[in-house]
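Enquirer: A predicted structure for the sequence below; I have some questions about it.
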Amino acid sequence: MSNTELLPLLEPADQAVEPCCPPLTERALTAEEAERTAAMFKALGDPVRLRLFSLVASHEGGEACVCDISDVGVSQPTVSHHLKKLKDAGLLSSERRGTWVYYRVEPSVVAAMGQMLGTMG
């Protein structure tokens, strides 16, 4: 039995991204939209998680082995906990390759969050 988790196909960058919810200035969020969006922002609200997310996002190809991003000043079990929180929030996906787990940023989710906030100001 394999422990490999298949990564979803990514949409080409030139396609429009379906936002998780409307821009904040368009209409009030539904309760479901607010819950889903708050979970994503909450996951990024921790400095260690934000740093891990940044390390994955800025890594070549937008994908990083856990072995390349684990030096963030906390223990390896804590790194794994934070990566799981980011994954549970839908911000990262993962794939096991041999003994290592590789994490990838979910670009459609990040783009949708940016669209949601992009119209403010």
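Expert: Structure's in. What do you need? Numbering: from 1, shown residues only.

Enquirer: is residue 93 part of a helix or strand, or is it coil?
Expert: In three-state terms, and counting by DSSP: H, G, I helix; E, B strand; the rest coil, residue 93 is strand.

Enquirer: now do the strands in the protein.
Expert: 63-65, 92-97, 100-105 (DSSP state E).

Enquirer: tell me, how many residues neighbour residue 84?
Expert: The local packing count at residue 84 equals 12, with neighbours defined by other Cβ atoms under 10 Å. Bear in mind the C-beta positions are built from the backbone N, C-alpha and C, glycine included.

Enquirer: quick one on the thing from earlier: residue 32: which of the strands of the chain is closest?
Expert: Of all these, it is strand 92-97 that lies closest to residue 32, at 21.8 Å by Cβ to Cβ.

Enquirer: so for the closest one, mean pLDDT?
Expert: Mean per-residue pLDDT for strand 92-97: 93.

Enquirer: now stretch 59-75
Expert: pLDDT averaged over stretch 59-75 gives 88.

Enquirer: endpoints of that stretch, how far apart?
Expert: 21 Å (Cα to Cα, to the nearest Å).

Enquirer: what comes up buried for it?
Expert: The neighbour-count check on stretch 59-75 (16 or more other Cβ atoms under 10 Å) flags 59, 63, 64, 66, 69, 70 as buried.

Enquirer: identify the farthest-apart pair in those residues.
Expert: Of all the pairs that the buried residues of stretch 59-75 form, the one spanning the most space (Cβ to Cβ) is 63 and 70, at 15.0 Å.
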